[in-house]
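Asks: generate coordinates for the sequence data below:
(chains A and B)
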Number of protein chains: 2
Amino acid sequence: MTDSPDAHPDTLRTVGEIAALARIIPRLPRGEHTVLGPGDDAAVVAAADGRFVVTTDVMVDGPDFRRAWSTPHDLGWKAAATNLSDIAAMGARPTGLVVALIAPADTAVAELEQLADGFADACAALAPGCGVVGGDLSVGSTLTIAVTAFGDLEGRPPVTRDGAQPGDLVAVSGGIGLAARGLRMLFDEGVDDEGNPDPERAAALRADEPRIVDAQLAPRPPLADGPAAALAGATAMLDLSDGLALDARRIARASGVVVDLDAAAVCIAAGVDAMFLPLVLTGGEDHSLLATFPAILLADGGPGLPGGFRVIGRVVEPGDGGPELRVGGRPFEQRGGWDSFDDV
Amino acid sequence: MTDSPDAHPDTLRTVGEIAALARIIPRLPRGEHTVLGPGDDAAVVAAADGRFVVTTDVMVDGPDFRRAWSTPHDLGWKAAATNLSDIAAMGARPTGLVVALIAPADTAVAELEQLADGFADACAALAPGCGVVGGDLSVGSTLTIAVTAFGDLEGRPPVTRDGAQPGDLVAVSGGIGLAARGLRMLFDEGVDDEGNPDPERAAALRADEPRIVDAQLAPRPPLADGPAAALAGATAMLDLSDGLALDARRIARASGVVVDLDAAAVCIAAGVDAMFLPLVLTGGEDHSLLATFPAILLADGGPGLPGGFRVIGRVVEPGDGGPELRVGGRPFEQRGGWDSFDDV
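Replies: Below is the predicted model of the structure:
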């Protein structure tokens, strides 16, 4: 990934897969829910309520990250955070993850150790008690990180995207559009004079704008707000991975309702001026939580919204146009959001 | 992957990720243990005994397969079979799997449908009731299939590799060395005059030697024999993925014993002449089950070994050399087996 000061660092090729794993595995968190950890054909994880939540997502060098911008630690952190966010978006508490890593044979083992540390630090910071219970390491030309994450619903039903009811509040926890602003900044200022990603310029930019750039490179999704939303009675929830407009439209369609976002409230929640509204509506990769709640939570004497959730809109009955997204009462027709194949 | 007769087939680039998924997901088996299937942030799978078994493994175009030899259906089948074999090797019954697929943008959607059919057919044939509960589809330069599989221990302890006891029988269920013979045949005869993998020659070879070539391209591991071995009292078990010698040595080391294989019994179990013994000992990818059992199972009036297990050796006390592998009573020092980074 980056050049090492050591002229002959250990690489996957020089030490082999088994020796590399022996250095990586001890750095990974065991986790509180791990019955049997790495080292056998498979691991065993507790699933106290007789079910487990599972999601899988892959990050590929090129389409999903650039090594000139992301450190190995960032990559491990982001791979953990983005998968665990999907677990939280079901209202579940993260319990574990498995990591399948494909790395070029000339990858330094020290970089794989830093990647493992990114997983460990993200679990400790965002989902304490969540362990890395197993993995796979193989050689390939393109650095690829495939993560599968698990969670515990603690006896609750999963919070799906199809339960929003007319009258519900629409609320978000976590940044909106911040990760996309970070990516735009990196493309504008984290490149050399030919427009190629440049590690030094990216590092300088990150030092100047850590909040925005970190939202892209090492996001901190509000994982604890997933179970908190479920406990508070959230009627629908998802992880804001593809942009507020596209993801809000998903809730509208799945629930058969209209989601009407308040442009001013969206900008306030995003902490930006109205000029950024288009980016806030369409920018992906925030991994914040978008949820709908019964309005009674904010009625006089109500408990309020859980955790960091802030109201950004209302759910209303579908009109003649059927389920859709509106912004300020008017249909928002732009596709918005992000679909990897369309953007390639 | 292969050329399509359609001059302008739908590809990931032309239809987009979401439309491609809409065509693929209905072809996947829902499974009997699936509480909530694909379509939300995450799936929910039953884990009746309060735990689940999990393993992950990746197949990469080039190191792990060649598109000239494997059809898309083969790839889905093998990815399912090899992961589910690790579940069975813990003594668990497969309950589900998730698939993260990375495919080049010019991949025909029809080929992804065939790949999905391979997953479905492998589940139906080898692990009825096991579903594909979720997945991820992204674009990348190298076709890559990352699978995470789950299983249910049905209240039993997992069968790990460290429980073999002196006096135990060593037994195998499934082929030994057959997948490696298939790979060798493909390298010898499934290539063109320049030595490059050739689809027509490989297909002709497969028609002549279906049992051997299928063992490599579309293996049928004896998954039901995993739970059967656990119920019969297996003391240690693993999936023969890296070759009999290397995997038997793993049981010996983890259990602190000597595994002494009977060369004649190994050849009989493998169904080959003694000239093939080296390949049988070192050839990987069979995904058969290697287990140790209390000898009383084969005593007069004993129940015999479960399923397709055949005795190929004995567990004995370690001598001065400590835990090790012996063949016919003599130390087998060759490394044997397969470590992807050493072979690259």
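
Asks: once you drop chain neighbours, what's closest to the spatially most central residue of chain A?
Replies: Computing the C-alpha centroid of chain A and ranking residues by CA atoms, centre = their mean puts residue A:82 first, at 2.5 Å. Distances taken as CB to CB, 6 or more residues apart in numbering or on different chains put residue A:287 closest to residue A:82, at 5.3 Å, once the chain neighbours are dropped. Where you see a C-beta, it was placed from the backbone N, CA and C, and this is true even at glycine.

Asks: tell me the contacts of residue A:253?
Replies: The contact partners of residue A:253, by CB atoms under 8 Å, 6 or more residues apart in numbering or on different chains, come to residue A:323.

Asks: ranges for the strands of the stretch 201-344 of chain A?
Replies: Counting by DSSP state E, counting those that start in this stretch, the stretch 201-344 of chain A has strands at residues A:236-240, A:258-261, A:288-293, A:310-316, A:324-327, A:330-331.

Asks: and those: which comes nearest chain B?
Replies: Of all the strands of the stretch 201-344 of chain A, the one in closest proximity to chain B, counting by CB to the nearest CB, is strand A:236-240 (5.1 Å).

Asks: and that closest one, is it in reach of chain B?
Replies: Yes - for strand A:236-240, a contact with chain B is found by CB under 8 Å from any CB of the partner chain, at A:237, A:238, A:239.

Asks: still on that earlier bit, so the residue nearest to the centre of chain A makes contact with residue A:221?
Replies: Yes - look at residue A:82 against residue A:221 with CB atoms under 8 Å: they come within range, at 7.5 Å.

Asks: and the spatially closest residue to residue A:176 that is not a sequence neighbour, what pLDDT?
Replies: Once flanking residues are discounted, residue A:176 sits nearest to residue A:270: 4.1 Å by CB to CB, 6+ apart. At residue A:270, the model reports a pLDDT of 94.

Asks: ok, now residue A:340?
Replies: So residue A:340 comes in at 37 (pLDDT).

Asks: same thing with residue A:313?
Replies: pLDDT recorded at residue A:313 is 98.

Asks: OK, contacts around it?
Replies: Counting by CB under 8 Å, 6+ apart, residue A:313 makes contact with A:169, A:170, A:248, A:259, A:260, A:261, A:262, A:265, A:266.

Asks: could those residues go into JSON lines alongside distance to chain B, pLDDT and neighbour count?
Replies: JSON lines is the format used below for those (distance: CB to the nearest CB, whole Å; pLDDT from 0 to 100; neighbours: other CB atoms under 10 Å in any protein chain shown):
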{"residue": "A:169", "distance to chain B": "20", "pLDDT": "98", "neighbour count": "23"}
{"residue": "A:170", "distance to chain B": "17", "pLDDT": "98", "neighbour count": "25"}
{"residue": "A:248", "distance to chain B": "14", "pLDDT": "97", "neighbour count": "31"}
{"residue": "A:259", "distance to chain B": "17", "pLDDT": "98", "neighbour count": "31"}
{"residue": "A:260", "distance to chain B": "23", "pLDDT": "97", "neighbour count": "22"}
{"residue": "A:261", "distance to chain B": "20", "pLDDT": "97", "neighbour count": "25"}
{"residue": "A:262", "distance to chain B": "24", "pLDDT": "97", "neighbour count": "18"}
{"residue": "A:265", "distance to chain B": "24", "pLDDT": "97", "neighbour count": "18"}
{"residue": "A:266", "distance to chain B": "21", "pLDDT": "97", "neighbour count": "26"}
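
Asks: can you give the domain ranges for chain A?
Replies: A:12-152, A:169-343 (automatic domain parsing).

Asks: out of those, which one sits most buried?
Replies: The highest mean neighbour count among those, using mean count of other CB atoms under 10 Å in any protein chain shown, belongs to domain A:12-152: a mean of 23.

Asks: next, residue A:102: secondary structure please.
Replies: At residue A:102 the chain is in strand, as set by DSSP: H, G, I helix; E, B strand; the rest coil.

Asks: please name the residues that touch it.
Replies: Neighbour list for residue A:102: A:138, A:139, A:140, A:142, A:143, A:144, A:145, A:146, B:58, B:60, B:144 [criterion: CB under 8 Å, 6+ apart].

Asks: now intersect the residues you listed with the strands, please.
Replies: A:138, A:139, A:144, A:145, A:146, B:58, B:60, B:144 (DSSP state E).

Asks: and which of the contacts of residue A:313 is nearest to residue B:299?
Replies: residue A:248 (68.0 Å; CB to CB).

Asks: the closest one against residue A:288, yeah?
Replies: No - using CB under 8 Å, residue A:248 is not in contact with residue A:288; the gap is 11.9 Å.

Asks: helices along the stretch 1-150 of chain A, start to end?
Replies: A:12-15, A:17-24, A:72-88, A:109-126 (DSSP state H, counting those that start in this stretch).

Asks: now the second one and helix A:109-126, what's the angle there?
Replies: The one in question is helix A:17-24. 40 degrees (axes from the mean of the first three to the mean of the last three CA atoms, to 10 degrees).

Asks: the strands of the stretch 201-344 of chain A: which one's closest to residue A:119?
Replies: Nearest to residue A:119 among the strands of the stretch 201-344 of chain A is strand A:236-240 (18.6 Å), distances taken as CB to CB.

Asks: backbone dihedrals for residue A:50, please?
Replies: When read as degrees, to the nearest 10, the backbone of residue A:50 gives phi 80, psi 10.

Asks: surely it is in contact with residue B:51?
Replies: No - counting by CB under 8 Å, residue A:50 does not reach residue B:51; the two are 9.8 Å apart.

Asks: the strands of the stretch 201-344 of chain A: which one's closest to residue B:29?
Replies: Residue B:29 lies closest to strand A:236-240 among the strands of the stretch 201-344 of chain A, at 25.1 Å (CB to CB).

Asks: distance between the closest one and the chain's centre?
Replies: From the chain centre to the centre of strand A:236-240 is a distance of 11 Å (CA atoms, centre = their mean, to the nearest Å).

Asks: contacts for it next, please.
Replies: Strand A:236-240 is contacted from outside by A:85-86, A:88-91, A:159-164, A:168, A:172, A:174, A:176, A:221, A:226, A:229-230, A:247, A:250-251, A:254-255, A:284, A:286-292, B:40-41, using CB under 8 Å, 6+ apart.

Asks: and if we set it to 6 Å?
Replies: Identification of contacts with strand A:236-240 by CB atoms under 6 Å, 6 or more residues apart in numbering or on different chains yields A:85-86, A:89, A:159, A:161, A:163-164, A:229, A:247, A:251, A:255, A:286-288, A:290-292, B:41.

Asks: same check on stretch A:179-186?
Replies: Applying CB under 6 Å, 6+ apart, the contact partners of stretch A:179-186 are A:69, A:202, A:212, A:213, A:215, A:216, A:279, A:283, A:285, A:286.

Asks: before we move on, back to that, what separation is there between the residue nearest to residue A:82 and chain B?
Replies: Noted for residue A:287: a distance of 10 Å to chain B, by CB to the nearest CB, to the nearest Å.

Asks: now do residue A:267
Replies: Distance, residue A:267 to chain B, by CB to the nearest CB: 26 Å.

Asks: hmm, back to that, between the ones in strands among the contacts of residue A:102, which is nearest residue A:111?
Replies: Distances from residue A:111 to these, taken by CB to CB, are shortest for residue A:145, at 12.3 Å.

Asks: quick one, what contacts the closest one?
Replies: Residues in contact with residue A:145 (CB under 6 Å, 6+ apart) are A:59, A:79, A:101.
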